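Enquirer: below is the sequence, then the predicted model.
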Number of protein chains: 2
Amino acid sequence: MSAPVRPNLKDIAQRAGVSTSTVSRALSGSSLIAEATVDRIRALADEYGYRPNVRARNFRTQKTMAVLIVVRDIGNPFYLEVFKGVERVARQAGYSVLMANTENDKEREVAYFEMLSDGLADGMILMTGAVPKSVRDHRPGHDNVVVALEMVEDFNVPQILIDNEAAAVTAVEHLIGLGHTRIAHIAGPIPEGMSIRRQKGYCLAMQAAGLEIPAGYLCRGDFTLQSGERCARALLNAEPRPTAIFVANDEMAFGVIRQAYQLGLSVPADLSVIGFDNIAFSEAFLPSLTTISQPRLDIGERAMSVLLDLMNDKTPPADPTILPTQLMVRETTAAPHPAAQD
Amino acid sequence: MSAPVRPNLKDIAQRAGVSTSTVSRALSGSSLIAEATVDRIRALADEYGYRPNVRARNFRTQKTMAVLIVVRDIGNPFYLEVFKGVERVARQAGYSVLMANTENDKEREVAYFEMLSDGLADGMILMTGAVPKSVRDHRPGHDNVVVALEMVEDFNVPQILIDNEAAAVTAVEHLIGLGHTRIAHIAGPIPEGMSIRRQKGYCLAMQAAGLEIPAGYLCRGDFTLQSGERCARALLNAEPRPTAIFVANDEMAFGVIRQAYQLGLSVPADLSVIGFDNIAFSEAFLPSLTTISQPRLDIGERAMSVLLDLMNDKTPPADPTILPTQLMVRETTAAPHPAAQD
DNA sequence: TTGTATGCGTTATCAA
DNA sequence: TTGATAACGCATACAA
């Protein structure tokens, strides 16, 4: 039994009676080679089941054809659609996608930048909102890095974002439009830029409508269901009790609704709730959640295209790309009880 | 300004006045080298910021230190925890994790096997339940492949599974224990092994309890929310109406509950519902879903450890590894109305 | 304990 | 249109 050895360029060259360079060129579609030769070599390569050794090629060309997608928590379903968008575009361009999970660990953040500069990947899509200081200071031009979803200050790379502040304004205006005046807010973790901007949008919209924000109408969560429940308990004890809550993400919004039911309040009859993100589950929830939809697939696709441009030395957009959000009106928002009005 | 060129082994060797092999050995912790030499070289490497060229090393050693994790639909939140488990173990062993998404496309399934044999990854965790026939027949020993979650027939590789049939029996027994006798089932897509086994468990448990399965008590969905709603409409029109439904996954279960509410039935007062998977949102759902928990993190971790064994030529377990499931009793199951009893 | 020499498979340069 | 040859950076068998 002969060992089924994988043929390499040299083997094919020998069979074809030409040099390895000729085979290499023929198979990579160089126009320099006579068509007849190309056909002959192609046939032979097929016959012997030749497949190029990718590691050798990577080494020689100093490329990997892989990109890194770095997130804070790979267990967060929010990223799924983004992954999908990235993967789709990457795949089309012949790139594979490497998962990287920092779990908010600075060392791991640095480690992934090292992976990049070590050539384990050709590019990187960063969705952590944080760039370790050592990395930020180290090199001026960070090649082949795109930031998505979370603005990173002092870091001059292309960014794919949404306008968190404007989206928050839209959310609050929706509540105001329904007749609510006592509107509370549950923010995400501060000082994360995303949370700050959503909170700012809330304040702006309230101010623009001439509405007060009483003490106790602002609570800070950490994007988890539990923190949503906790904040809801606090807010629903405030005087006067809010008739609506704008929550900085969907998961916390679910917690709010759970808690409201526990307190005997019904949603949206007694309390309107609006979330942010439009994760897959928001529509399935009972009642289905009114929320702000982020174009997550688009974000992924766009981030990857910009990264491709970057890697191909095309000039990327100088300004951040801002993608539009959309208000999804569902079952958790309605006009307030007349009795609850001032 | 001198270009900040990345030093290689040769550069360090020159600075240290030794040969490249000495440097190579010193940095890779070979015990052959004098300690003083090692220290000197380490210091020098640090000073000049030497980092090994990973592509060169991969090429030389014919390894990639990356593994492929292949799923049907990367947008399915079910896989998240499994990813996390895989990633955790992989990372600890110095491997990175490549995402692969087949979207049920045979060509892509084959393509990922080719990636593996092309050396773009050193190993593979397969969670698609399907192995293309061409691959199955091609080579007898498929090195460095582990199957997780879905049994694959005629494919002799280590498998990490749960006992779907036994878990389904547990679920149905829970309903029976509450006093239900009219229990319907919504199956997943057939002929997927997973769906078949869950359905079989349902039938077995019913039979063991001497309960009939009337015509119209079985409906086939496709694991989506919508199919859950559709099946619920059908089942809830059956005569006599079932008082409980065992649903083959959580997402369809959410659809069932939504539909029940639309028909004016309340859960669990009028209808008990039990799901399967215990995805993250099952607990957040209102009412929170009674379901079967799969040890997804464990599955990921175990799959990756077995893969590591495989890649290090340790002998993997000959038999499939069966991990235990757990019944999570929550709010969607209760005793049936006395009026609804026979 | 260290050095020398070789090769991994490919692509790129130069010459024919 | 093709061939000979030289890298790419590292790890290792063998020699010393």
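Expert: Alright, I've got the coordinates.
Enquirer: am I right that residue A:324 is in contact with residue A:295?
Expert: Yes. Residue A:324 lies in contact with residue A:295 (Cβ atoms under 8 Å); the separation is 6.8 Å. Quick note: C-beta positions are derived from backbone N, CA and C, even for glycine.
Enquirer: tell me which parts of chain A are close to DNA strand D?
Expert: A:17-22, A:25, A:31-34, A:36-37, A:59-60 (Cβ under 7 Å from any atom of the strand).
Enquirer: quickly list what's touching both of residue A:324 and residue A:295.
Expert: Residues touching both residue A:324 and residue A:295 by Cβ atoms under 8 Å, 6 or more residues apart in numbering or on different chains: residue A:162.
Enquirer: for the two, indicate the residue with more neighbours.
Expert: Counted by other Cβ atoms under 10 Å in any protein chain shown, residue A:324 and residue A:295 do not tie: residue A:295 has more neighbours, with 18 against 12.
Enquirer: need phi/psi at that one.
Expert: phi -80, psi 80 (degrees, to the nearest 10).
Enquirer: then residue A:99?
Expert: Torsion angles, degrees, to the nearest 10, at residue A:99: phi -90, psi 140.
Enquirer: report the beta-bridge partners for it.
Expert: residue A:69, residue B:97 (DSSP bridges).
Enquirer: hang on, isn't it packed against residue A:69?
Expert: Yes. In this structure, residue A:99 is within contact of residue A:69 by Cβ under 8 Å, at 6.3 Å.
Enquirer: counting neighbours, what do you get for residue A:118?
Expert: Residue A:118 has 17 nearby residues by other Cβ under 10 Å.
Enquirer: count of residues packed around the nearest residue to it once chain neighbours are set aside?
Expert: Nearest residue to residue A:118 in three dimensions, chain neighbours excluded: residue B:54, at 4.8 Å (Cβ to Cβ, 6 or more residues apart in numbering or on different chains). Residue neighbour count, defined by other Cβ under 10 Å, stands at 19 for residue B:54.
Enquirer: do you know the pLDDT at residue B:54?
Expert: Per-residue confidence at residue B:54 stands at 86 (pLDDT).
Enquirer: lowest pLDDT pick from the residues of chain A next to DNA strand D?
Expert: Lowest pLDDT within those is found at residue A:31 (68).
Enquirer: show me which residues of chain A sit near DNA strand C.
Expert: So far as Cβ under 7 Å from any atom of the strand goes, chain A lies against DNA strand C at A:8-10, A:20-21, A:24, A:27-28, A:52-53, A:56-57, A:59-61.
Enquirer: which of the residues you listed sit farthest apart?
Expert: Pairwise distances across those peak at 18.6 Å for A:10 and A:61 (criterion: Cβ to Cβ).
Enquirer: tell me the average confidence for stretch A:239-253?
Expert: On average, the pLDDT along stretch A:239-253 is 96.
Enquirer: scratch that, stretch A:183-199
Expert: The pLDDT scores in stretch A:183-199 average 92.
Enquirer: who's in contact with it?
Expert: Contacts for stretch A:183-199 (Cβ under 8 Å, 6+ apart): A:129, A:149-151, A:153, A:164-165, A:167-168, A:172, A:175-176, A:202, A:206, A:211, A:213, A:217-223, A:227-228, A:231-232, A:235, A:238, A:242-249, A:252, A:256, A:276.
Enquirer: hmm, which of the residues you listed are the buried ones?
Expert: Burial by neighbour count, judged by 16 or more other Cβ atoms under 10 Å in any protein chain shown, picks out A:129, A:149-150, A:164-165, A:167-168, A:172, A:175-176, A:202, A:206, A:211, A:217-219, A:221-223, A:227-228, A:231-232, A:235, A:238, A:242-249, A:252, A:256, A:276 from the contacts of stretch A:183-199.
Enquirer: tell me the secondary structure for the residue in the stretch 101-250 of chain A that DNA strand C sits nearest to?
Expert: Residue of the stretch 101-250 of chain A nearest DNA strand C, by Cβ to the nearest atom of the strand: residue A:119 (14.2 Å). Following DSSP: H, G, I helix; E, B strand; the rest coil, residue A:119 is assigned to coil.
Enquirer: OK, contacts around it?
Expert: So residue A:119 contacts A:62, A:64, B:53-55 (Cβ under 8 Å, 6+ apart).
Enquirer: phi and psi next, for it.
Expert: Torsion angles, degrees, to the nearest 10, at residue A:119: phi 80, psi 10.
Enquirer: look up how far residue A:111 lies from it.
Expert: Distance, residue A:119 to residue A:111, using Cβ to Cβ, to the nearest Å: 14 Å.
Enquirer: also residue A:23?
Expert: 39 Å.
Enquirer: the two: who's more crowded?
Expert: Each of residue A:23 and residue A:111 has its neighbours counted (other Cβ under 10 Å); residue A:23 has more, 27 against 16.
Enquirer: list the buried ones in the helix or strand encompassing that one?
Expert: Assigning secondary structure by DSSP states H and E places residue A:23 in helix A:20-27. Residues of helix A:20-27 classed as buried: A:22-27 (neighbour count, 16+ other Cβ under 10 Å).
Enquirer: restrict the lowest-mean-pLDDT helix or strand in chain A to CA atoms and write it as PDB.
Expert: Least confident helix or strand, chain A: helix A:133-138 with a mean of 74, by mean pLDDT, DSSP states H and E. Extracted C-alpha coordinates of helix A:133-138, given in PDB (Å, rounded to 0.1, in the frame of the first residue of the first chain):
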ATOM      1  CA  LYS A 133      -3.300  52.400  26.100                       C
ATOM      2  CA  SER A 134      -0.100  50.600  25.300                       C
ATOM      3  CA  VAL A 135      -1.500  49.800  21.900                       C
ATOM      4  CA  ARG A 136      -2.900  53.200  21.300                       C
ATOM      5  CA  ASP A 137       0.300  54.900  22.000                       C
ATOM      6  CA  HIS A 138       2.600  52.400  20.400                       C
END
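Enquirer: quickly check: it near chain B or not.
Expert: No. Helix A:133-138 stays clear of chain B (Cβ under 8 Å from any Cβ of the partner chain), getting no nearer than 10.3 Å.
Enquirer: check the offset of that helix from the chain's centre.
Expert: 23 Å (Cα atoms, centre = their mean, to the nearest Å).
Enquirer: ok, residue A:65 touching residue A:58?
Expert: Yes. Counting by Cβ under 8 Å, residue A:65 touches residue A:58, with 7.2 Å between them.
Enquirer: neighbour-wise, which of the two wins?
Expert: Legend: neighbour count by other Cβ under 10 Å for residue A:65 and residue A:58, higher for residue A:58 (24 against 17).
Enquirer: quick one: pLDDT of that one?
Expert: On the pLDDT scale, residue A:58 gets 88.
Enquirer: who touches it in this structure?
Expert: So residue A:58 contacts A:64-65, B:55, B:58-59 (Cβ under 8 Å, 6+ apart).
Enquirer: now the two most distant members of these.
Expert: A:65 and B:59 (14.3 Å).
Enquirer: quick one, strands of the stretch 1-150 of chain A?
Expert: For the stretch 1-150 of chain A, strands defined by DSSP state E, counting those that start in this stretch occupy the ranges A:66-71, A:96-101, A:123-126, A:145-148.
Enquirer: and after the last one, which helix or strand comes next?
Expert: Reading on from strand A:145-148 to the C-terminus, the next helix or strand found by DSSP H and E is strand A:159-162.
Enquirer: average pLDDT for the helix or strand following that following strand?
Expert: Counting by DSSP H and E, the next helix or strand C-terminal to strand A:159-162 is helix A:164-177. Here helix A:164-177 scores 98 as its mean pLDDT.
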